[in-house]
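A.B. asks: need a 3D model of the following:
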Amino acid sequence: MADKNHVLKSPQSITDAKTSSGSEGKSIPFSKSVDSVIQTDESYRMDCPEMGICILVNNKHFLPNTGMALRSGTDADAALVFDTFRTLGYNVKTYNDLPCKRIIEVLQNIAKDDHKKRNSFVCVLLSHGEDGLIYGTDGPLELKTLTSLFRGDRCKTLRGKPKLFFIQVIRNTE
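C.D. replies: Presented below is the predicted three-dimensional model:
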C-alpha cells in the first residue's frame with residue numbers, strides 16, 4: 001500500500017476544476033481502493049522537508065507592438081493558483097508582467113538553486129500563447145527554452161523529482 005509521502009508519476013485526474021456547466025467542482029479524496037493499487041515503484045518519494053518552490057508568472061499587460069490584448073480575469077486565476085499551491089505547502093513566488101528575458105532569468109535562477117531539501121518544482125505560466133509558445137509582455141518565447149532549464153543534466157538537484165509546468169494561455173486564433 002502506498003503512503004502519503006508518494007505522488008503518482010503518471011498523471012491522474014480525479015476531477016476537473018470546473019464542470020461543463022461552469023460551476024465549481026469539488027475535490028474527491030483518494031479512496032482506500034485507489035491507494036491500495038498504487039505501487040511504490042510508480043511514485044515519487046515526497047519526504048523532503050519542503051514541498052518546493054512554485055513560480056507563478058502572470059502576464060496581463062502586453063506592449064502594443066505584440067498585438068496582444070489585456071488578459072482580463074487573469075488576476076483572479078493567479079490568486080486561486082497562489083492559494084492552491086500555498087495550501088499544498090509550496091513557497092509561491094509571483095511575478096507580474098514579465099518580458100521574455102526576465103522570464104528566462106527568473107527560471108534560470110531557480111534552476112541554479114539547491115533543491116536537495118525540496119520534493120518538487122512547479123511553474124505556472126498565465127499569458128497569451130500558441131503551439132509551443134508563451135508570450136512575455138514583449139513577444140513570444142519557446143516553451144522548450146523554459147522547460148529545458150530543468151532537465152536532469154542542467155538542474156541536478158531536481159533530477160528524479162517532479163517538475164510540473166502548468167500553462168494557461170489565451171490563444172489568438174483567427
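A.B. asks: so what does the lengthiest strand in the chain touch, helix or strand wise?
C.D. replies: Longest strand of the chain, by residue count under DSSP state E: strand 118-130. Using 3 or more Cβ pairs under 8 Å, 6 or more residues apart in numbering; DSSP states H and E, the elements in contact with strand 118-130 are strand 43-45, strand 50-58, helix 74-87, helix 100-112, strand 133-136, helix 143-147, strand 163-171. Where C-beta positions appear, they are placed from N, C-alpha and C, glycine not excepted.
A.B. asks: columns mean neighbour count, distance to residue 122 and mean pLDDT on top of these, output as TSV?
C.D. replies: Output for those, formatted as TSV (neighbours: other Cβ atoms under 10 Å; distance: least, Cβ to Cβ, whole Å; pLDDT from 0 to 100):
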stretch	mean neighbour count	distance to residue 122	mean pLDDT
strand 43-45	15	13	87
strand 50-58	21	4	98
helix 74-87	15	6	98
helix 100-112	16	10	98
strand 133-136	23	16	97
helix 143-147	16	13	97
strand 163-171	15	5	95
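A.B. asks: quick check: which of those is nearest to residue 65?
C.D. replies: Ranking these by proximity to residue 65 (Cβ to Cβ) places strand 133-136 first, at 11.9 Å.
A.B. asks: circling back: among the helices and strands packed on strand 118-130, which is nearest residue 120?
C.D. replies: It is, among the helices and strands packed on strand 118-130 and with distance given as Cβ to Cβ, strand 50-58, at 4.4 Å.
A.B. asks: dump that closest one to CSV, restricted to CA.
C.D. replies: What follows is strand 50-58 as a C-alpha-only set of coordinates in CSV (Å, rounded to 0.1, in the frame of the first residue of the first chain):
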residue,chain,number,x,y,z
GLU,A,50,9.9,21.2,1.8
MET,A,51,7.4,20.7,-0.9
GLY,A,52,9.3,23.0,-3.2
ILE,A,53,9.0,26.3,-5.0
CYS,A,54,6.1,27.3,-7.2
ILE,A,55,6.9,30.1,-9.7
LEU,A,56,3.8,31.9,-10.9
VAL,A,57,4.1,34.2,-13.9
ASN,A,58,1.0,36.3,-14.5
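A.B. asks: quickly run through the sheet partners of it, with directions.
C.D. replies: Take DSSP bridges as the rule and strand 50-58 pairs in its sheet with strand 91-96 (parallel), strand 118-130 (parallel).
A.B. asks: looking at the ones you listed, which one is packed in the most?
C.D. replies: strand 118-130 (a mean of 21; mean count of other Cβ atoms under 10 Å).
A.B. asks: many thanks, have a good one.
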